[in-house]
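Colleague: one predicted model, sequence on top.
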Amino acid sequence: MAEHLDDLLDEVETRFCRSASLSSNLTTNQDRRQNNDEPMGRTKDQEKSDRAENIDAVLQEILDDDWETGSSHIPIATNACAKDFSPPVRFKKCCPVFVGGSSIISGIGTSISKRACDQLRCTSCDFRVAMFDDHEWHSSCDYLFFRNNMPDHTKLRSKLRRRRGVRAYACQCSWHSASSLSEVRHLQQLKWVCGQHKQC
């Protein structure tokens, strides 16, 4: 953009400014001599300021013309912005929210396509629910274990037992091992909700 502006200014200066400033200086000097408004001799600083004013006037005139007719650079910029524009990402929530074993497909759950939600979040501790396929929680698990070790998966694995078809879920305050599909609302101890799934 800056290069185009420099090129435009150079073109304006070569075409209009030099000829306009010379002709306008000649006419203004002749008028002043005829009217005897100021003395014949002019300093170099005064001549430079006159030239600068003439250049500014010519540039302003060109810019005004471009603004009225519509500059050729504006559509290019608009098209460039349009290419970078991407549609907003949409989110969808499970309804109802299901948990299930490792054999159950994960994704957005509905009453028709019953899938285990893989974006669970706890409304009590505000942690994202961790999931471990083909594992279940050991019977010795307690609240303090999850409170101290969540979300470190390596520490959590110390209380996991391998069991095919089961999926172990845990947040910082609750845990659950699921082998079959069940709705979260029927599991009273769990305060889990769907944390929204991204859709393209």
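Modeller: Thanks, I have the structure now. As the structure is a prediction and not an experimental result, all values here were calculated from the model. Numbers count the residues shown, from 1 in each chain.

Colleague: what about the helices in this structure?
Modeller: 2-12, 18-35, 44-69, 73-84, 143-149, 153-156 (DSSP state H).

Colleague: mind telling me which of these the model trusts least?
Modeller: Lowest mean pLDDT within those: helix 73-84, a mean of 47.

Colleague: let me see the domain layout of the protein.
Modeller: Domain segmentation of the chain under automatic domain parsing yields 2-84, 90-199.

Colleague: burial count for Ile105?
Modeller: 12 (other Cβ atoms under 10 Å). Every residue, glycine included, has its C-beta placed from N, CA and C.

Colleague: need phi/psi at it.
Modeller: Here is the backbone geometry of Ile105 (degrees, to the nearest 10): phi -70, psi 140.

Colleague: contacts only, for the nearest residue to it once chain neighbours are set aside.
Modeller: The spatially closest residue to Ile105, leaving aside those adjacent along the chain, is Arg115, at 5.0 Å (Cβ to Cβ, 6 or more residues apart in numbering). Contacts for Arg115 (Cβ atoms under 8 Å, 6 or more residues apart in numbering) come out as Cys94, Phe98, Gly100, Ile104, Ile105, Ser106, Gly107, Ile108, Gly109.

Colleague: so how far is His176 from the third one?
Modeller: Looking back up the chat, that one is Gly100. 11 Å (Cβ to Cβ, to the nearest Å).

Colleague: before we move on, what about Leu156?
Modeller: 14 Å.

Colleague: list residues touching both of these two?
Modeller: Residues touching both Leu156 and His176 by Cβ under 8 Å, 6+ apart: Ala170.

Colleague: tell me the confidence at Lys93?
Modeller: Reading off the model, Lys93 has pLDDT 86.

Colleague: contacting residues for the residue nearest to it when sequence neighbours are not counted?
Modeller: For Lys93, ignoring the flanking residues on the chain, the nearest one in space by Cβ to Cβ, 6+ apart is Cys194 at 4.5 Å. Cys194 makes contact with Lys93, Cys94, Cys95, Val97, Gly109, Cys117, Gln119, Leu120, Arg121, according to Cβ under 8 Å, 6+ apart.

Colleague: which ones among those map onto strands?
Modeller: Leu120, Arg121 (DSSP state E).

Colleague: buried members of the contacts of Cys194 into PyMOL, please.
Modeller: Remark: buried members of the contacts of Cys194, expressed as a PyMOL selection using 16 or more other Cβ atoms under 10 Å:
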select buried, resi 94+97+109+117+119+120+121
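
Colleague: distance to Ala170 for the contacts of Cys194 - can I get that in a markdown table?
Modeller: Listed next are those as a markdown table, based on distance: Cβ to Cβ, whole Å:
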| residue | distance to Ala170 |
| --- | --- |
| Lys93 | 21 |
| Cys94 | 19 |
| Cys95 | 23 |
| Val97 | 16 |
| Gly109 | 19 |
| Cys117 | 14 |
| Gln119 | 15 |
| Leu120 | 10 |
| Arg121 | 13 |
